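>>> any chance you could fold what I've pasted below:
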Amino acid sequence: MLDLKNKKIMVVGAGISGIGAVHLLNQVGADVVLYDGGSKLSEDDVIKKLNGDKAQIILGEFSREYMEGIDMLVISPGVPIDNHVVVEFRKAGVPVWGEVELAYNYDKGTVLAITGTNGKTTTTALTGQIVGAWAKKTFVVGNIGNSYTKEVLNSDEDSYTVAEISSFQLETVHKFAPKVSAVLNITPDHLNRHHTMECYEQTKEMIAANQTKQDTCVLNYDDERLRKFGENKCKASVVWFSSNGKVPVGAYVDGDMIKYTDGTSTQDIINVHDMNLLGKHNYENVCAAVAISKAAGVPDDIIVNQVRVFKAVEHRIEYVATKNDVMYYNDSKGTNPEAAVKAIEAMQRPTILIGGGYDKGSEFDLYVKAFKDKVKLLVLIGQTSEKIAATAKKYGFDSIIYADSMEEVVKICAQNAKPGDAVLLSPACASWGMFDNYEQRGRMFKDYVNAL
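The predicted structure is shown next:
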């Protein structure tokens, strides 16, 4: 553990992650400077967020003089590593850590870490529930909305931390080495940040970079990139999962049964019809959670019981309400085309689909191709509306309506839905620009639906 007492540390970003980092640094006796380049924040806003924690606050344009005497830079996930502030510190030889590395420095227990383009939140929540039913002290943290830095000082030798880790958080790991890591899948996403698919892939694989043969890495056998990584590059012991059939070692779907093999014998875990989760992608998430939990040493009966009672995560194909025999589903966490495709495929009724949002540089061919005979109407909102509409028309789909607000979206859907239909919010885009985050977008959708 690196002792940061009396070190002068600059935290960049005054969001959940940055405020969590300041809190932790206060508790370990560091001297903290909090910098945020955003023009909308006032010093009073930041003081309110700090809730009693101490930091020198610097807002607005960055100046080189702020670098004086700084021993370390801690950046929030929203700050790219090619940001000019980060580049200046790196040039000056100042270590750059992210929130995950900072928290891990103080974690005394066992860490299970999960990444992937899609399915992270469901798999992390399920794994957290399984491990939490077994270990007295379990923390579910990270990209799931609970800051790792906020919880870590409560860890001890017997505690378990189940962390959802994004590619942004993996850009700044140095010694981070979970006991069990998992990469669920890698499909194009955040290319506006990582620039190339190769860079994005390498960043995801960083979750296992410091693992040894004594550790476990759980990988998707059906993902060509991850199969190559597991067979050729991964230093940890690899356990697989698959929704397409048997794996050498790990969890897989066989017909209606999720099974587990240790390489010699095979056991039934649970029938998919005994679970609350819908769709093939969720069977994959369950397989991953089973493999992670078994690698952590959780007994089978606890795993099976928790999988059976687990309910879908908020904003991930979450059932909202039935109005006039129309079922409404909130999949606001479907922030890229691949995630949204999974939601469309899980629908079992004629569906009115709500799409669009902030443009991350995605293409929407996969999204539109998934409409097949399921999607009867597309309601578009936000910056990518025209781009998605152009893709839809290219494939001969032109049943499209545009809207300017979430309230208008829900009205349009209610007017056009017939008894027996479903309405699905699965935008295939980030929420920024119109909403603070995907949670706000999902909650607004639910509020308008419930008010119908």
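
>>> quick check: closest non-adjacent residue to residue 147.
Nearest non-adjacent residue to residue 147, counting by CB to CB, 6 or more residues apart in numbering: residue 20, 3.1 Å away. To be clear about C-beta, it is placed using only N, CA and C from the backbone, and glycine gets the same treatment.

>>> and that neighbour, which of the three is it?
helix (DSSP: H, G, I helix; E, B strand; the rest coil).

>>> what does the residue nearest to residue 335 when sequence neighbours are not counted show for phi and psi?
Distances taken as CB to CB, 6+ apart place residue 430 nearest to residue 335, at 5.0 Å, with adjacent residues excluded. Residue 430 has phi and psi values of phi -70, psi 170 when expressed as degrees, to the nearest 10.

>>> wait, residue 430 sits on residue 361?
No. Here residue 430 does not reach residue 361: they are 10.6 Å apart, not a contact under CB atoms under 8 Å.

>>> between these two, which one's more packed in?
Taking other CB atoms under 10 Å, residue 430 and residue 361 do not tie; residue 430 has more neighbours (23 against 11).

>>> next, the contact list for that one, please.
By CB atoms under 8 Å, 6 or more residues apart in numbering, the contact list for residue 430 reads 335, 357, 358, 360, 438.

>>> at 6 Å what do you get?
335, 357, 358, 360 (CB atoms under 6 Å, 6 or more residues apart in numbering).

>>> helix/strand/coil for residue 379?
Per three-state DSSP, residue 379 ends up strand.

>>> could you do residue 123 as well?
Applying three-state DSSP: residue 123 is helix.

>>> one more: residue 9?
Residue 9 - assigned by three-state DSSP - is strand.

>>> where's residue 414 relative to residue 425, distance?
If you measure residue 414 against residue 425 using CB to CB, to the nearest Å, the figure is 13 Å.

>>> between the two, which one's more packed in?
residue 425 (32 against 17).

>>> the more buried one: what's its closest spatial neighbour, skipping adjacent residues?
In space, residue 425 is closest to residue 354, 4.5 Å off (CB to CB, 6+ apart).

>>> separation between the one you found and residue 54?
Counting by CB to CB, the gap from residue 354 to residue 54 is 44 Å.

>>> who has more neighbours out of these two?
residue 354 (28 against 11).

>>> got a list of what that one touches?
379, 409, 425.

>>> report the beta-bridge partners for the first one.
In this case it means residue 379. Following DSSP bridges, residue 379 is listed with bridge partners residue 354, residue 401.

>>> separation between it and residue 69?
Counting by CB to CB, the gap from residue 379 to residue 69 is 54 Å.

>>> cool, the second one as well?
Taking CB to CB as the measure, residue 409 falls 51 Å from residue 69.

>>> between these two, which has more neighbouring residues?
residue 409 (24 against 10).

>>> what helix or strand is that one on?
helix 406-416 (DSSP states H and E).

>>> give me the residues contacting that helix.
352, 354, 377, 379, 381, 401, 403, 423, 444-445, 448-449, 452.

>>> determine which two of those residues are furthest apart.
Within the contacts of helix 406-416, 377 and 444 form the most distant pair, 20.2 Å apart (CB to CB).
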